[in-house]
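Colleague: Show me how the following folds:
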Amino acid sequence: MKLADIARALNARIDNASPDSEITGVAGIENAGKGELSFVSNPKYNAAAKTTKASAVIVEENFPAISTGMLRSKNPYLAWAKAIELFHQPLSYAHGIHPTAVVHHRAKIGKYAHVGPYAVIDEDAVIGDNAVLLAHVVIYRGATIGNNFFAHAHAVVREFCQLGDNVLLQNGAVIGSDGFGFAKDDSGHWHKIIQSGNVVVESEAEIQANACLDRASIGQTRIGRGSKIDNLAHVGHSCTIGQDTLVCAQVGLAGTTDVGNNVILAGQVGVSGHVRIGDGAIAIAQSGIPHDVPAGAMVSGAPAIDHKLWLKCCAAYAKLPEIAKAVRKLSERDHR
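Modeller: Numbers count the residues shown, from 1 in each chain. Predicted structure coming up:
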């Protein structure tokens, strides 16, 4: 592919390279070779851009000049994502239902579907056009799913859950497992609370491998349009997640957590129940959140506090042995 064609597709500007340069693929900045396109969006790799063997590098518009050809972009990371799409063709799946799949006669499947080996689609399930269900996917009774659904092997959509268009489920994702609800009786035994609600996953959402979204005891658990739930994350019953929010790996949301739009919860963040996290908030990895977080805040630590304050606390923590030693000396002096 000509560099000029790539630049046009990415809305980028060519610098220090011939528009007719032939690009055959994409690669990381340290491993790229002649004929390949790479990128730099993290300043950590600026030095590598000076020595890379790539034929061209996607960089910010104000990136310092280098001897290698450049594609200058307002958003290098997004441009890089789109560049990969130019060279990577996703697998396609033939239309049809595999002989080993079990599809209830009252289920409805739209046009051009691929239903793989041992997939199961139960009674009254409704699936839109262009669906791809790979091996062992299970769609429970009464689930409704929009167009362009893609479910990797062993994904499960439980009874009466609702998914919009262009929803992607990675391997082992479970939509609508029972919420963790129990009430203790007079004998000290746990009585299961029926989880009568469902889960709604709006359009453009992606739920990654082995993530679990619990159904509500009453009402619904909702994932907003365009939000992404990472591997091994847990969303408790009756939680609400807004639009374009990122929930990273091993995050746990206790029941009835309300997460706003464009929030980022980094890896292993834990949120206690009945907490509101405002729009645009960011929680640093391993934060423990027991209270509401205002819109736009950045928090870290456990219990989570303002991120800048947490950094100061960490700096002070590293000096605690020295401080303790000084305190002991003062105490000994005062007791003489």
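
Colleague: Would you mark the buried spots in the one helix or strand residue 57 maps to?
Modeller: Of the helices and strands defined by DSSP states H and E, residue 57 is found in strand 56-60. Buried residues in strand 56-60, counted by 16 or more other C-beta atoms under 10 Å: 56, 57, 58, 59, 60. C-beta: built from backbone N, CA, C; applies to glycine.

Colleague: In CSV, list the residues you listed along with pLDDT.
Modeller: What follows is the buried residues of strand 56-60, written out as CSV (pLDDT from 0 to 100):
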residue, pLDDT
56, 97
57, 97
58, 97
59, 97
60, 96
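
Colleague: quick one on the thing from earlier: mind listing residues that contact the strand holding residue 57?
Modeller: Here strand 56-60 makes contact (C-beta atoms under 8 Å, 6 or more residues apart in numbering) with 3, 10, 12, 14, 17, 21, 23, 29, 37-41, 49, 66, 68-74, 76, 79-80, 83.

Colleague: Make a ChimeraX selection of whichever of the residues you listed turn out to be buried.
Modeller: Those of the contacts of strand 56-60 that meet the burial criterion (16+ other C-beta under 10 Å) are gathered into one ChimeraX selection, given here:
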select :3,10,12,14,17,21,23,29,37,38,39,40,41,49,66,68,69,70,71,72,73,76,79,80,83
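
Colleague: Look up phi and psi at residue 115.
Modeller: Per-residue torsions, residue 115: phi -120, psi 110 (degrees, to the nearest 10).

Colleague: Let me see the contact set for it.
Modeller: 96, 97, 98, 101, 103, 109, 121, 131, 133.

Colleague: Also residue 166?
Modeller: Residue 166 sits next to 146, 147, 148, 149, 203, 204 when contact means C-beta under 8 Å, 6+ apart.

Colleague: What sits closest to it if chain neighbours are left out?
Modeller: Distance criterion C-beta to C-beta, 6 or more residues apart in numbering; nearest residue to residue 166, sequence neighbours excluded, is residue 148 at 4.7 Å.

Colleague: So for the one you found, what's the pLDDT?
Modeller: Here the pLDDT value assigned to residue 148 is 98.

Colleague: Over to residue 336?
Modeller: The model's pLDDT for residue 336 equals 67.

Colleague: What is the burial count for residue 156?
Modeller: 21 (other C-beta atoms under 10 Å).

Colleague: For residue 173, give its distance to residue 181.
Modeller: Distance of residue 173 to residue 181, given as C-beta to C-beta, to the nearest Å: 21 Å.

Colleague: Ok, residue 269 next?
Modeller: For residue 269, the distance to residue 181 - C-beta to C-beta - is 22 Å.

Colleague: who's in contact with residue 165?
Modeller: The neighbours of residue 165, taking C-beta under 8 Å, 6+ apart as the test, are 128, 146, 147, 148, 149, 203, 204.

Colleague: Please report the distance of it from residue 146.
Modeller: 4 Å.

Colleague: shared neighbours of the two, anything?
Modeller: Here residue 165 and residue 146 have 128, 203 as joint contacts, going by C-beta under 8 Å, 6+ apart.
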